[in-house]
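**Student:** what would the 3D arrangement of this be:
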Amino acid sequence: MPEPRPGGFRRLRRRAESDTVGQPPTRATVRNAKIVALPVAYAARRAGGLGRRAMGRPAREVELDIQARTAQHMFEVLGELKGCAAKLGQVLALYELALPAELGAPYREALSQLQDSTPAMLPGAVYEAMAASMGANWRDRFTSFEPRSCAAASVGQVHRAVWSDGRPVAVKIMYPGARESVQSDLAQIRRLAPLATVFMPVADTRALADAFTECITEELDYAKEAAAQQVFAEAYADDPDFAVPQVVHQQGDVLISEWLDGIPLPRIIASGDQSEKDRVGLLLLRFVVSSFARTGLLYSDPHPGNFRVLRDGRLGIVDYGACPPFPSAFPTAVGEIADAALNGSNTLLEAVLREHGFICADGDFDIDGLVAMMAPIREITLQHTSHLTTAWLRKQVLRATEPRLSNVSRQLTSPPEYTPIGRTILAGAGVLCQLGIEGPLRDELHAYLPEWRAAVERFHLGEGPAAGTLARAGNLVTDASISATAGTTIS
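**Tutor:** Numbers count the residues shown, from 1 in each chain. Reported below is the predicted structural model:
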């Protein structure tokens, strides 16, 4: 493999520092300008659209053109910036499901490319990054090394190579300057946190922003990611359903893992047979909910780009940068909330939600509105077989985010330590709905959340809420207000 010519590294550095080629822009002023350009350009397109409609073009045609151009612009900017901006793009890829199908299509097409978007580091910049982490003789550790990336992540890119012992490996390299860029983005997020009270007036938005910041910051630590990946690799070794690549080597901003060959999940979503989608979706759900029980960690980034189906049918999982410790109190909270919702009264449910920190200790709360909003989730909890679709998710997202001051979701909050769980639920639900999965989802959830399963069993037996749930509610409810309000058993 030819090395860059003398002086090539200096030229590449100058070009990268000018934020034009070779690696994502890292200067805060440049990044901010690119982000600010998005709404400005959108406003300009809207203004131009008025002129085109005045000239006789159909309003619908103009609107779709504006949407397509905006989606492409978002893809280009967010994909170029990487870091937190790309993470935002991945979240938007979920929330675009709430848009009408014809308007969401261009966003779906553009944002789905973020996981493998360009620009990638040029070979010269790759060689410099490898030398900076592994030393000048880094090539001696490999039999071969592909200078062009084969995949990209939010803060790095992946190269295919062969380790010195002959094993095919994936070499994950962090973009030079990515750490500083992400820290700058996170600082902006923390400064903007008070604005989120417009949507969540009762939540401690600063604490939630701090929790999000901590979660993203940990993804910049490849040593911690390697340790988490090795925990998963050992926990799932020889598993008949899952393949977790072993860590081969980690040094500086380079992480080397065994290579996994397989069909990327986005391809299954786009063109797979529905029976295969159902099978893979159940495996994905099983992996995520089993992760905390088998490792003590939570796999909190179930993005489609992190999964692939191997030739033997197993589900391969990569990228362990977002694997925080699982909050030990969560299974009890889930069990008691489910118990109150299924087997108790609305008054009991409100008391339990307050006790677990999802409703502020003081102040009024529309518990009847929340129960109505939770009805679709309740059905999934009780039905043996469930069918999730993007249309179903679109309806739930619209209900939860409807811009009304009386929307009950605005009255909810969350303990900051549950922030990664919220991220996992949102992302996981998005993937399952894109797969259009139909199957025994309840059984997969109950297998690793026995407290939840016990609440459902009490519902079917008509036993009422458990003593522990009543004790948790304490003096907030009276004996007269704990009677069950559950409806007919759903088999």
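**Student:** give the other helices and strands that the helix or strand harbouring residue 173 contacts.
**Tutor:** According to DSSP states H and E, residue 173 maps onto strand 168-174. If you count contacts as 3 or more Cβ pairs under 8 Å, 6 or more residues apart in numbering; DSSP states H and E, strand 168-174 packs onto helix 123-134, strand 156-163, strand 254-258. All C-beta atoms are positioned from the backbone trio N, CA, C, and that covers glycine.
**Student:** can you list the buried residues in the second one?
**Tutor:** What it means is strand 156-163. Residues of strand 156-163 classed as buried: 156-161, 163 (neighbour count, 16 or more other Cβ atoms under 10 Å).
**Student:** what does it contact?
**Tutor:** Among residues not part of strand 156-163, those counted as contacts by Cβ atoms under 8 Å, 6 or more residues apart in numbering are 120-121, 126, 141-152, 168-175, 178, 248-249, 253, 256, 259.
**Student:** and for the last one?
**Tutor:** Taking contacts as Cβ under 8 Å, 6+ apart, the residues outside strand 254-258 that touch it are 129-130, 133-134, 161, 163, 167-174, 222, 225-226, 229, 245-250, 318.
**Student:** give me the buried entries from those.
**Tutor:** The neighbour count (16+ other Cβ under 10 Å) marks 129-130, 133-134, 161, 163, 169-174, 222, 225-226, 229, 245, 247-248, 250, 318 as buried among these.
**Student:** which parts of the stretch 351-491 of the chain are strands?
**Tutor:** Using DSSP state E, counting those that start in this stretch, the strands found in the stretch 351-491 of the chain span residues 386-387, 438-439.
**Student:** possible to save these as JSON lines with mean neighbour count and distance to residue 409?
**Tutor:** As requested, the strands of the stretch 351-491 of the chain are exported to JSON lines (neighbours: other Cβ atoms under 10 Å; distance: least, Cβ to Cβ, whole Å):
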{"stretch": "strand 386-387", "mean neighbour count": "16", "distance to residue 409": "22"}
{"stretch": "strand 438-439", "mean neighbour count": "18", "distance to residue 409": "27"}
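**Student:** how far off helix 123-134 does the strand holding residue 173 point, in degrees?
**Tutor:** With axes from the mean of the first three to the mean of the last three Cα atoms, to 10 degrees defining the directions, strand 168-174 sits at 90 degrees from helix 123-134.
**Student:** can we start the residue count at 12 from this point?
**Tutor:** With 12 as the first residue, the last one maps to strand 179-185.
**Student:** residues contacting strand 179-185, please?
**Tutor:** Against strand 179-185 from outside (Cβ under 8 Å, 6+ apart): 132, 137, 140-141, 144, 156, 164, 166-174, 231, 233, 256, 259, 264-271, 329.
**Student:** end-to-end on stretch 300-313?
**Tutor:** The first and last residues of stretch 300-313 sit 11 Å apart, counting by Cα to Cα, to the nearest Å.
**Student:** how about that stretch: buried residues?
**Tutor:** Buried, per 16+ other Cβ under 10 Å, within stretch 300-313: 300-303, 306, 308-313.
**Student:** so for these, which is the shakiest by pLDDT?
**Tutor:** Ranked by pLDDT, these bottom out at residue 312 (87).
**Student:** which strand or helix spans it?
**Tutor:** Residue 312 belongs to no helix or strand, assigned by DSSP H and E.
**Student:** that one and residue 438: what is the separation?
**Tutor:** 7 Å (Cβ to Cβ, to the nearest Å).
**Student:** where in the stretch 212-361 of the chain is pLDDT low?
**Tutor:** By pLDDT under 70, the weakly predicted segments of the stretch 212-361 of the chain are 212-216, 218-220, 222-223, 226.
**Student:** I'd like to know how many residues surround residue 271.
**Tutor:** Neighbour count for residue 271, taken as other Cβ atoms under 10 Å: 17.
**Student:** correction: the previous question concerned residue 150.
**Tutor:** By the criterion of other Cβ under 10 Å, residue 150 has 16 neighbours.
**Student:** shouldn't it be in contact with residue 156?
**Tutor:** Yes. When contacts are counted by Cβ atoms under 8 Å, residue 150 is listed as touching residue 156 (6.8 Å).
**Student:** quick check: bridge partners of the closest residue to residue 233 other than its chain neighbours?
**Tutor:** Spatially, and ignoring its direct neighbours in sequence, residue 233 is nearest to residue 266 (4.6 Å; Cβ to Cβ, 6 or more residues apart in numbering). On the basis of DSSP bridges, residue 266 is bridged to residue 183, residue 261.
**Student:** quick check: residue 266 vs residue 374, distance?
**Tutor:** Noted for residue 266: a distance of 46 Å to residue 374, by Cβ to Cβ.
**Student:** repeat for residue 238
**Tutor:** Residue 238 is 42 Å from residue 374, by Cβ to Cβ.
**Student:** go on, residue 428?
**Tutor:** Separation of residue 428 from residue 374 (Cβ to Cβ) stands at 22 Å.
**Student:** out of these two, which sits in the more crowded spot?
**Tutor:** The neighbour comparison of residue 428 against residue 374 (other Cβ under 10 Å) goes to residue 428, with 17 against 9.
**Student:** confidence score at the more buried one?
**Tutor:** What the model reports as pLDDT for residue 428 is 87.
**Student:** what is the burial count for the nearest residue to it once chain neighbours are set aside?
**Tutor:** Excluding the flanking residues, the one nearest residue 428 by Cβ to Cβ, 6+ apart is residue 338, at 4.9 Å. Residues near residue 338, counting by other Cβ under 10 Å, number 16.
**Student:** next one: residue 370
**Tutor:** By other Cβ under 10 Å, 22 other residues sit near residue 370.
**Student:** correct me, but it touches residue 420?
**Tutor:** No. With contact defined as Cβ under 8 Å, residue 370 does not count as touching residue 420 (11.7 Å).
**Student:** can you pull the contacts of residue 234?
**Tutor:** Residue 234 sits in contact with residue 261, where contact means Cβ under 8 Å, 6+ apart.
**Student:** re earlier: which one of the buried residues of strand 167-174 sits closest to residue 361?
**Tutor:** residue 167 (45.1 Å; Cβ to Cβ).
**Student:** tell me the bridge partners for the closest one.
**Tutor:** With DSSP bridges applied, residue 167 shows beta-bridge pairing to residue 185.
**Student:** if I look at it, how far off is residue 363?
**Tutor:** Going from residue 167 to residue 363 by Cβ to Cβ gives 42 Å.
**Student:** where does pLDDT dip in the stretch 362-502 of the chain?
**Tutor:** 412-417, 485-502.
**Student:** contacts for the helix or strand where residue 293 lies, please.
**Tutor:** Element membership of residue 293, judged by DSSP H and E, is helix 285-306. Identification of contacts with helix 285-306 by Cβ under 8 Å, 6+ apart yields 242-243, 246-247, 252-253, 276, 279-280, 283, 308-310, 313, 318, 320, 326, 328, 334, 337, 435, 439, 442-443, 446-452, 455-456, 458-460.
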